[in-house]
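Peer 1: Next comes the sequence, and after it the predicted model I'd like to discuss.
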Amino acid sequence: MAHSLLLFGVALVSAMTDAGAILTPAYKDPSAPVEVRVEDLLSRMTLGEKVLQLCQYSLGKDINVNNMGERLSRIPSGSGAVIYRGGDRELRNSVQRRMMEESRLGIPLVFGYDAIHGYLTTYQVPLGQACSWDTSLTARLCSAVAQELRDEGIEWTFSPMVDVCRDPRWGRIVEGYGEDPYVNSAFAAASVTGYQGPEAARGDYSRLQDGRGVAACIKHFVGYGASEAGRDYVYTEISDQGLWETWMPPFKAGLEAGAMSVMSAFNDISGIPASACSYTLTTVLRDKWGFDGVVVSDWGAVEQLCRQGYCSTLKDAAAAALCAGVDIDMQSSAYDSFLEQLVSEGRVGEQVIDEAVRRVLRLKFRLGLFEHPYLEPAARQDKGEEMKEACESMAAESSVLLKNDSALLPLRSCRRIAVIGPLADDGDALTGCWRAGADASMTQTILSAVRQEFDGRCKVGFVRGCDVEGNPDRGGISAAVRLSSRSDVVILCLGEGARWSGENASRQHPRLPEGQLRLLKALRRTGTPLALVLVGGRPLILSDVVDDADAILETWQPGTYGARSVAGIISGRINPSGRLAVTFPRSEGQIPIYYGRRSPARDAGAGLYKDGSSEPLFPFGYGLSYSMLEYSNLRVGKAGDGFEASVDVTNKGSLDAQEVMLWYIRDVVAGVTRPMYELKHFERLDVPAGETVTFSWSIDPGRDLSFVDRKGERHLESGDFVIYAGGPPATALCCPLTLP
């Protein structure tokens, strides 16, 4: 009935325009409802025109080496979408002009690109952002990036990535928000809100139509982060319980925030490739969650159904992906090659194509592309200072102090600082992987920032010592040793190159290269106090490093303006406040290791490794401060239909601090066994020196004390719970709670 009324509305609008001698099709009338415009345009399209709307091509240069590097494709008139890096206004508009003027119906292209952690400016990588626990700052950064993208003629970003990951060998761990589904959910919602504006979740797309936002695409649906042994593009074995409990929640949160698109994943989910899985793409995404936006495949994922052994031909792959729920084929040329033929053979119903086209057209109308198809020569909105300040804030909040023996940091009274290491003067590494349109030569280095920070107070010397692979420089380690010996302190910058993490960057041994270790150990022998600054996109195994450094600061890949904050932490201008959103293992043999494990079958002490510790080197939630922060008076009381938990934090140090409070629960006995700890809430508050601040959490039992079963149904059971407040759950304060 609703569809019949909609068609009646289309006919009515068309008749009204005819009566007024305007002869404007309803789909070109910006005052008409979006669904009326969609149906009117769809009714005018031939099968061939529909098929082209479901195809995505590549335009211009793509810097992702996994996506074939330099590529300039011929875009057929009437095509639906392109991947476009930006930077060439004339090229973009000329291609769009062909769509608008040379195709029969004048349907605009949508231009998309991956802005994983920035565009012209990069900021902290997502894994690092999660360690800030500051979702409002992530939303603010994504909002600024959205404007940069629109100024380049890009309306759609393939971001955020919300794949939970518990294996540091997987290169794409850098693109997500760590090991916990709740953290990924919170940052998924924040980034979507930043890209699209909060109004989109309410069905108001005015910000997008005014060119102040971009359509977000949450990826990769689903379970990609479970890739076997940390290798990319491979099989994942995921139980029904794990699917709903761990992998699904971040996607649901992103959709509830209004995400307009979803990207299907490369991985094979327990025998069914994600890009051909009708259960996840249709039964869950469409039927259960009511998603009416676009599903786009990852690059070449439709073609890869053949390599995965699910389809024998590209033609079969086209049928499998479309019928499962993939609307747009990214770069496989499967849909444009075979969909018309599949319809004529009766293997694919045209109504299936119609439904996919509806979603694509709906996206374009919501983005305002029919009214504003071209990149206008208007002045760009300068977000430079705003972006710089936000980038510095994120780098400050996301850096995690892992060790600080004898309070080496902050540096207060030294006269001679030795800055050493291959990452000290490397702006490329700080810019990070997936740098989009950013120019790494504009990224400030740690060396430059330290010199600026200590200008007039300390003499700063520099020796690289070795390259990032560990090969010695001219003079090499001996020159570094000489500089260390005549200095008061060493700041040693080690870690990963910019492209050691990201897509197709799996590593068997996520450790520092041997040459970097030799440099560290040689400097240790000089006896000069040493602060290790780590740069990289994954948690490294530091068991052969930790004893040779007096202090360790994890900075991740902090982006274009992040180095100034790193220097500020070293000097004490900034009090570190980051907490780990991912566990650091002691050895490869512990992987996967994460905090949210279920209770073992036997008592503590049984079933542990016999040849080493079973405990992580640095646990989830860990992070040091320059202040002495004391927790006390954890209490939980009834509050309306729920409960209120509170805990006091006293700053006994001399520096003002920001503290991140993590709230966990344990459901002691449940119909589905629960993890020993489950994160349910977090907050970041200022705690001034000498003062006590109360952190609190309003517990909604239906939201916070319930669990899902293997069918995705939520259950709330009475019984005993434990509430935890602190950092790492094993050291947090705890308090019982009973739900009648």
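Peer 2: Sure thing, it's come through. What you are looking at is a predicted structure, and each value in this text was computed from that prediction instead of being measured. Numbering: from 1, shown residues only.
Peer 1: I'd like to know which elements the one helix or strand residue 402 maps to is packed against.
Peer 2: Per DSSP states H and E, residue 402 falls inside strand 400-404. Applying 3 or more Cβ pairs under 8 Å, 6 or more residues apart in numbering; DSSP states H and E, we find strand 400-404 packed against strand 551-554. The way it works is simple: take the backbone N, C-alpha and C, and place the C-beta from them, glycine included.
Peer 1: And the next helix or strand past the strand it packs on?
Peer 2: With DSSP H and E, the next secondary element past strand 551-554 is helix 563-571.
Peer 1: And the contacts of the strand holding residue 402?
Peer 2: Strand 400-404 is contacted by residues 131, 409, 542, 546, 549-554, 569, 576, 578-580, 584, 618, 622-626 when judged by Cβ atoms under 8 Å, 6 or more residues apart in numbering.
Peer 1: for stretch 588-598, same thing?
Peer 2: 166-169, 179-180, 230, 508-510, 541, 583, 585, 609, 612, 614, 616, 619-621, 673-679, 728-729.
Peer 1: try 6 Å this time
Peer 2: For stretch 588-598, contacts defined as Cβ atoms under 6 Å, 6 or more residues apart in numbering pick out 166-167, 179, 583, 585, 616, 620, 673, 675, 677, 729.
Peer 1: from these, which is closest to residue 126?
Peer 2: The nearest member of the contacts of stretch 588-598 to residue 126, counting by Cβ to Cβ, is residue 179 at 12.8 Å.
Peer 1: Show the pLDDT at the closest one.
Peer 2: On pLDDT, residue 179 comes in at 98.
Peer 1: do the same with residue 174
Peer 2: For residue 174, the predicted pLDDT is 98.
Peer 1: In three-state terms, how would it be classified?
Peer 2: Three-state call for residue 174 (DSSP: H, G, I helix; E, B strand; the rest coil): helix.
Peer 1: Same check on residue 258?
Peer 2: Secondary structure, three-state DSSP: residue 258 is coil.
Peer 1: Narrow the contacts of stretch 588-598 to those that are buried.
Peer 2: Using 16 or more other Cβ atoms under 10 Å as the burial test, these include 166-167, 179, 583, 585, 616, 620, 675, 677, 729 as buried.
Peer 1: Is it possible to get CSV of those residues that adds secondary structure and distance to residue 438?
Peer 2: Shown next, in CSV, are the buried ones among the contacts of stretch 588-598 (DSSP: H, G, I helix; E, B strand; the rest coil; distance: Cβ to Cβ, whole Å):
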residue, secondary structure, distance to residue 438
166, coil, 29
167, coil, 28
179, coil, 27
583, coil, 30
585, coil, 31
616, coil, 33
620, coil, 30
675, strand, 38
677, coil, 38
729, helix, 37
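Peer 1: What is the nearest of these to residue 56?
Peer 2: Looking across the buried ones among the contacts of stretch 588-598 and measuring by Cβ to Cβ, the closest to residue 56 is residue 167, at 29.7 Å.
Peer 1: Please verify my assumption that residue 216 contacts residue 259.
Peer 2: Yes - with contact defined as Cβ atoms under 6 Å, residue 216 reaches residue 259; the gap is 4.8 Å.
Peer 1: overlap in contacts of these two?
Peer 2: When contacts are counted by Cβ under 6 Å, 6+ apart, residue 216 and residue 259 have residue 192 as shared neighbours.
Peer 1: For residue 526, which non-adjacent residue is spatially closest?
Peer 2: Leaving aside its sequence neighbours, residue 526 sits nearest to residue 484 (Cβ to Cβ, 6 or more residues apart in numbering; 4.5 Å).
Peer 1: That neighbour - how many residues pack around it?
Peer 2: Residue 484 has 25 neighbouring residues, counting by other Cβ atoms under 10 Å.
Peer 1: and it, which of the three is it?
Peer 2: helix.
Peer 1: Tell me the spacing between residue 216 and residue 127.
Peer 2: The gap separating residue 216 from residue 127 is 19 Å, by Cβ to Cβ, to the nearest Å.
Peer 1: How is the chain partitioned into domains?
Peer 2: Per automatic domain parsing, the structural domains of the chain span 1-35, 45-366, 399-590, 629-739.
Peer 1: hmm, back to that, show me the contacts for the residue nearest to residue 526.
Peer 2: Counted by Cβ under 6 Å, 6+ apart, residue 484 has contacts 418, 490, 523, 526, 528.
Peer 1: Give me the secondary structure label for the last one.
Peer 2: Assigned state for residue 528: coil (three-state reduction, three-state DSSP).
Peer 1: nearest residue to it other than its sequence neighbours?
Peer 2: Nearest non-adjacent residue to residue 528, counting by Cβ to Cβ, 6+ apart: residue 484, 4.8 Å away.
Peer 1: ditto for the first one
Peer 2: Taking Cβ to Cβ, 6+ apart as the measure, residue 418 lies nearest to residue 487, with 3.7 Å between them; neighbours along the chain are not counted.
Peer 1: isn't the one you found right up against residue 419?
Peer 2: No - taking contacts as Cβ under 6 Å, residue 487 lies outside contact range of residue 419: 9.3 Å.
Peer 1: Neighbour count: those two, which is higher?
Peer 2: Set residue 487 next to residue 419 and count neighbours by other Cβ under 10 Å: residue 419 wins out with 28 against 23.
Peer 1: Give me the buried stretch members for the helix or strand where the more buried one lies, please.
Peer 2: Secondary structure assignment for residue 419, by DSSP H and E: strand 416-420. Residues 417-420 are the ones in strand 416-420 that count as buried (16+ other Cβ under 10 Å).
Peer 1: what element comes up after that strand heading to the C-terminus?
Peer 2: Counting by DSSP H and E, the next helix or strand C-terminal to strand 416-420 is helix 427-431.
Peer 1: show me what contacts residue 607?
Peer 2: Contacts of residue 607 by Cβ under 6 Å, 6+ apart are residue 600.
Peer 1: one step back: for the contacts of residue 484, pick the one with the most neighbours.
Peer 2: The most crowded member of the contacts of residue 484, judged by other Cβ under 10 Å, is residue 418 (29 neighbours).
Peer 1: surely that one meets residue 490?
Peer 2: Yes - with contact defined as Cβ under 6 Å, residue 418 reaches residue 490; the gap is 4.7 Å.
Peer 1: sorry, back to before: can I get the contacts of stretch 588-598 in a markdown table including distance to residue 563?
Peer 2: A markdown table is the format used below for those (distance: Cβ to Cβ, whole Å):
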| residue | distance to residue 563 |
| --- | --- |
| 166 | 30 |
| 167 | 29 |
| 179 | 27 |
| 583 | 27 |
| 585 | 28 |
| 616 | 28 |
| 620 | 27 |
| 673 | 46 |
| 675 | 38 |
| 677 | 35 |
| 729 | 33 |
